[in-house]
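1. predicted model and sequence follow; I will ask about them next.
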Amino acid sequence: MTKSNAKSEAAIELGRVRAQQKAREKRRRVIVIAASSVVVLGLAAVVTSVFAGEIQRNAAIERAASEPIEGVAEPSAAPAVHVESVPEPTPAEPGGTVLPPTGGEHDPVVQNCGVYTAPVATAKAVHSLEHGAVWITYQPGLDDKQIGALTKLAENRDYTLLSPMDSLGSPVVLTAWGTQLEVDDASDPRVEPFLVKYLQGEQTPEPGAPCTGGFGDPA
């Protein structure tokens, strides 16, 4: 074999090898792109499903809030009067229970809305109700999971006050001005519709008045 022929065959072989390498690289890119597309489409489907589910859930809450909520009490709220000294609610008898007031005489200083891990002054919290807040109270000793769920609800909404309350009559009580709901569990399906319906609701004596700039340092 002449040198010329040998060089020619070497060049041909080199070209064949390079062609094979290019083909393998092309196949690899196609596989990577296809796999990436499958992953992206899968993630998009999951996100779309979650988003659609959240829209449906929120719509259901809005519908529930537009209707009368079972178990909501509407005691006659006393006139909204600012007084310098208001006695804190106490059980009517030893071992008795209390519920947050739904209105009436209250402190001139508003309780800053937010999450508290200790009881707050009732007279100041009632002032928050006057401004359109919903006050969520719970029995001390309520399990951490339920407290966490209530905290999430309060943190994601303005005009919401969350605190434990000694001698509370039910595990969880939601109070707006002139309106109250007692539930046994934070997961009760009436909790969120109550918030939607009564936060700055029609019952509010002073809608839009601040729930900040007063007393208290929320968590």
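-> Perfect, I can see it now.
2. who's in contact with the residue most central in space within the chain?
-> When CA atoms, centre = their mean is applied to the chain, the residue found nearest the centroid is Leu153 (3.3 Å). Shown in contact with Leu153 (CB atoms under 8 Å, 6 or more residues apart in numbering): Ile136, Thr160, Leu162, Val191, Glu192, Leu195. C-beta: built from backbone N, CA, C; applies to glycine.
3. part of a strand, is the third one?
-> Yes: the assignment for Leu162 is a strand, going by DSSP: H, G, I helix; E, B strand; the rest coil.
4. what about it, distance to Glu206?
-> 21 Å (CB to CB, to the nearest Å).
5. who's more crowded, those two?
-> Between Leu162 and Glu206, counted using other CB atoms under 10 Å, the more crowded position is Leu162 (24 against 13).
6. from what I can see that one touches Gly148, true?
-> No: Leu162 lies out of contact with Gly148 (CB atoms under 8 Å); the separation is 11.2 Å.
7. near Pro218, how many other residues are there?
-> Pro218, neighbours per other CB under 10 Å, totals 17.
8. ok, it touching Cys113?
-> Yes: counting by CB under 8 Å, Cys113 is a contact partner of Pro218 at 7.2 Å.
9. shared neighbours, those two?
-> With CB under 8 Å, 6+ apart as the test, Pro218 and Cys113 reach no residue in common.
10. quick one, what contacts Ala78?
-> By CB under 8 Å, 6+ apart, the neighbours of Ala78 are Gly103, Gly104, Glu105.
11. so of these, which ones are in helices?
-> Among the contacts of Ala78, no member falls in helices (DSSP state H).
12. want to throw these into a markdown table with pLDDT?
-> Conversion of the contacts of Ala78 to a markdown table gives the following (pLDDT from 0 to 100):
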| residue | pLDDT |
| --- | --- |
| Gly103 | 91 |
| Gly104 | 89 |
| Glu105 | 88 |
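13. most neighbours among these, please name it.
-> Gly103 (22 neighbours).
14. surely that residue meets Gln180?
-> No: using CB under 8 Å as the test, Gly103 is too far from Gln180 to be in contact (10.2 Å).
15. and the helices in this structure, which stretches?
-> Using DSSP H, helices in the chain cover 3-66, 122-130, 144-155, 191-198.
16. lowest average pLDDT across these?
-> Ranked by mean pLDDT, these bottom out at helix 3-66, with a mean of 63.
17. what sits against the closest residue to Pro79 other than its chain neighbours?
-> Spatial nearest neighbour of Pro79, excluding adjacent residues (CB to CB, 6 or more residues apart in numbering): Gly104 at 7.1 Å. Applying CB under 8 Å, 6+ apart, we find Gly104 in contact with Ala77, Ala78, Pro79, Ala80, Val81, Val126.
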